[in-house]
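Chemist: any chance you can model this:
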Amino acid sequence: MRVDQWLANFEEEHRSAARLLLGGLDLVSEDQVRNGLNEAIESLSASLQGPIVLLPVRELAKDSSYFDLDDDNVVPETLASRGEHGSEAIVANVVTGQLRRKGTHFLANPSIETMRKFKVRTILLINDFAGSGDQIVDFERNVGRHPTIASWRSRKWIKIQTVVYAATKPAMERLREHFGQAQIGVHKACRNFDDCGWSHDERTSVEQLCEKHGPRKRRSGHMKFGPYGYKNSQGMMAFSYSVPNNLPAILNIRGRPHHGQDWQLLFEGRVVPPELRSLFGDASPEERLHRSLKAARQERLAKGSWAAVAGTEASRVLLVLAAMSRRPQRVDQVMAMTGLAATEVIQLARCLRSWGLVGKHLHLTDAGRQELRHAKGLNLIPAPQLLHANHEPYYPRKLRVGR
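Modeler: Numbers count the residues shown, from 1 in each chain. Okay, the predicted model is just below:
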């Protein structure tokens with residue numbers, strides 16, 4: 001198997017670190033991306049002024065304009081005329097699906113004249129992944145370079161906003177800085193080494209492995225690709241159709257060793273080999289829960305048997321409580337620790353506040369801390385199935401067992 005061949009690159013005493021690295025990866029299927037993007041678009045667009053133009057993000061020449069500068073009736077190309085259309089084609093397909101569901105509320109890739117006719121009020125840039133945020137920011141500049149778009153924006157007749165399936169922490173900061181907090185929608189957070197729940201010794205062993213077999217560090221000058229991927233960002237997410245360039249270098253072609261032995265690749269550059277695609281998106285709910293609790297540094301909860309009988313909704317509630325015990329400052333930090341989507345975290349936080357378990361700033365109240373302490377040593381008794389008339393997650397108001 002390919003994974004075994006890749007592990008064989010390392011000495012026996014270093015393979016446990018290599019397994020830790022593999023175990024921390026978030027492997028995302030194409031269906032997960034489609035479903036997540038649809039959810040993110042629908043969630044953000046509900047608060048936007050329409051009509052809304054949906055534009056898949058793609059690479060364009062620097063200082064070029066997305067819209068034709070000479071003829072306002074020219075419809076721009078959604079996809080590049082040459083090259084592979086991996087993520088671009090998936091995002092374009094999501095846009096097509098949104099048009100079929102929403103009708104005239106959305107427009108896809110119109111000309112400037114069509115936008116003028118329908119009095120478009122929002123342009124929504126859509127992408128599957130933001131590793132640094134540079135691609136989306138560059139594309140926004142290409143879109144805004146047309147004089148008509150620039151004029152509409154200066155008069156506040158139109159806004160440009162963005163939605164991505166997943167983004168790293170640096171990318172979120174970059175997008176917030178460029179677009180503004182209220183003008184970005186991120187479905188999931190891409191984890192890095194900080195979010196993997198490794199102990200100090202485990203993380204040290206993984207870092208030593210990456211640095212030993214990754215690219216040599218330059219003594220001077222900027223190194224765009226280091227041992228931890230693009231800008232050394234330590235990304236831990238890969239897609240079934242594409243491998244981002246911010247993963248640790250030893251996972252792809254940039255990780256060739258410095259000695260003479262043959263190096264068995266895991267990912268072939270940016271491509272996922274066919275024999276690995278079955279691994280994407282197949283983690284069980286129990287496995288995801290265990291991994292997320294470890295990332296939140298809740299070892300006792302991760303090892304407890306309560307999850308087997310708590311049910312999905314109660315498990316998600318405790319997972320968010322566990323993450324909030326780390327005193328996060330923003331929703332995206334909870335997203336990174338839990339692996340939950342933004343809409344899930346926001347909904348659960350709202351419920352936890354209404355129950356008095358969480359305060360205004362995503363921090364636990366005394367009641368929340370007491371609930372979490374009790375859950376760490378608790379084997380839950382299965383509760384009878386109840387019918388609920390609303391969409392609020394069901395969670396037993398008191399996790400107490402008679403003594």
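
Chemist: please, where are all the helices along the stretch 251-400 of the chain?
Modeler: For the stretch 251-400 of the chain, the helices defined by DSSP state H, counting those that start in this stretch cover 285-295, 299-303, 307-324, 331-338, 342-354, 366-376.

Chemist: and the residue sitting nearest the centre point of the chain, what does it touch?
Modeler: Geometric centre of the chain, nearest residue: Ala166, 2.4 Å, by CA atoms, centre = their mean. Going by CB atoms under 8 Å, 6 or more residues apart in numbering, Ala166 touches Val28, Gly36, Asp128, Phe129, Ala130, Val186, His187, Lys188, Ala189, Cys190, Met237. Glycine gets a C-beta too; all of them are placed from N, C-alpha and C.

Chemist: what about the residue nearest to Asp63 when sequence neighbours are not counted, neighbour count?
Modeler: Nearest non-adjacent residue to Asp63, counting by CB to CB, 6 or more residues apart in numbering: Arg145, 7.6 Å away. Using other CB atoms under 10 Å, Arg145 is surrounded by 16 other residues.

Chemist: and Arg145, what pLDDT?
Modeler: On the pLDDT scale, Arg145 is placed at 92.

Chemist: equivalent analysis for the one 10 residues further on, please.
Modeler: The pLDDT attached to Arg155 in the predicted structure is 92.

Chemist: check which residues of stretch 169-176 are buried.
Modeler: By neighbour count with 16 or more other CB atoms under 10 Å, stretch 169-176 contains the buried residues Lys169, Pro170, Ala171, Met172, Arg174, Leu175, Arg176.

Chemist: how about stretch 61-72?
Modeler: Using 16+ other CB under 10 Å as the test for burial, stretch 61-72 gives Ser65, Tyr66, Phe67.

Chemist: next helix or strand past the helix or strand hosting the residue nearest to the centre of the chain?
Modeler: Ala166 is located in strand 159-167, with elements delineated by DSSP states H and E. As assigned by DSSP H and E, the chain's next helix or strand after strand 159-167 is helix 169-179.

Chemist: now for that next one, which elements pack on it?
Modeler: strand 122-130, helix 134-144, strand 159-167, strand 184-189, helix 331-338 (3 or more CB pairs under 8 Å, 6 or more residues apart in numbering; DSSP states H and E).

Chemist: make a markdown table out of these and add distance to Thr114.
Modeler: Shown next, in a markdown table, are the helices and strands packed on helix 169-179 (distance: least, CB to CB, whole Å):
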| stretch | distance to Thr114 |
| --- | --- |
| strand 122-130 | 13 |
| helix 134-144 | 15 |
| strand 159-167 | 17 |
| strand 184-189 | 24 |
| helix 331-338 | 35 |
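
Chemist: wait, which of the ones you listed is closest to Val272?
Modeler: Val272 lies closest to strand 122-130 among the helices and strands packed on helix 169-179, at 13.8 Å (CB to CB).

Chemist: angle of the closest one against strand 159-167?
Modeler: Interaxial angle of strand 122-130 relative to strand 159-167 (axes from the mean of the first three to the mean of the last three CA atoms, to 10 degrees): 20 degrees.

Chemist: list the strands paired with strand 122-130, with their directions.
Modeler: Here strand 122-130 is paired, per DSSP bridges, with strand 52-56 (parallel), strand 159-167 (parallel).

Chemist: buried ones in that strand?
Modeler: Applying 16+ other CB under 10 Å to strand 122-130 flags Thr122, Ile123, Leu124, Leu125, Ile126, Asn127, Asp128, Phe129, Ala130 as buried.

Chemist: got the end-to-end distance for stretch 131-150?
Modeler: Stretch 131-150 has an end-to-end distance of 27 Å (CA to CA, to the nearest Å).

Chemist: same question but for stretch 63-76, I mixed them up
Modeler: 16 Å.

Chemist: what sits against Pro56?
Modeler: Taking CB under 8 Å, 6+ apart, we find Pro56 in contact with Thr78, Leu79, Glu88, Val91, Ala92, Val95, Ile126, Asn127.

Chemist: which among those count as buried?
Modeler: Taking 16+ other CB under 10 Å as the criterion, what is buried in these is Thr78, Glu88, Val91, Ala92, Val95, Ile126, Asn127.

Chemist: settle this for me: the second one is touching Glu77, isn't it.
Modeler: No: with contact taken as CB atoms under 8 Å, Glu88 and Glu77 are classed as non-touching, separated by 10.5 Å.

Chemist: which one of the buried residues of stretch 169-176 sits closest to Gly24?
Modeler: Ranked by distance to Gly24 (CB to CB), these are led by Lys169 at 15.5 Å.
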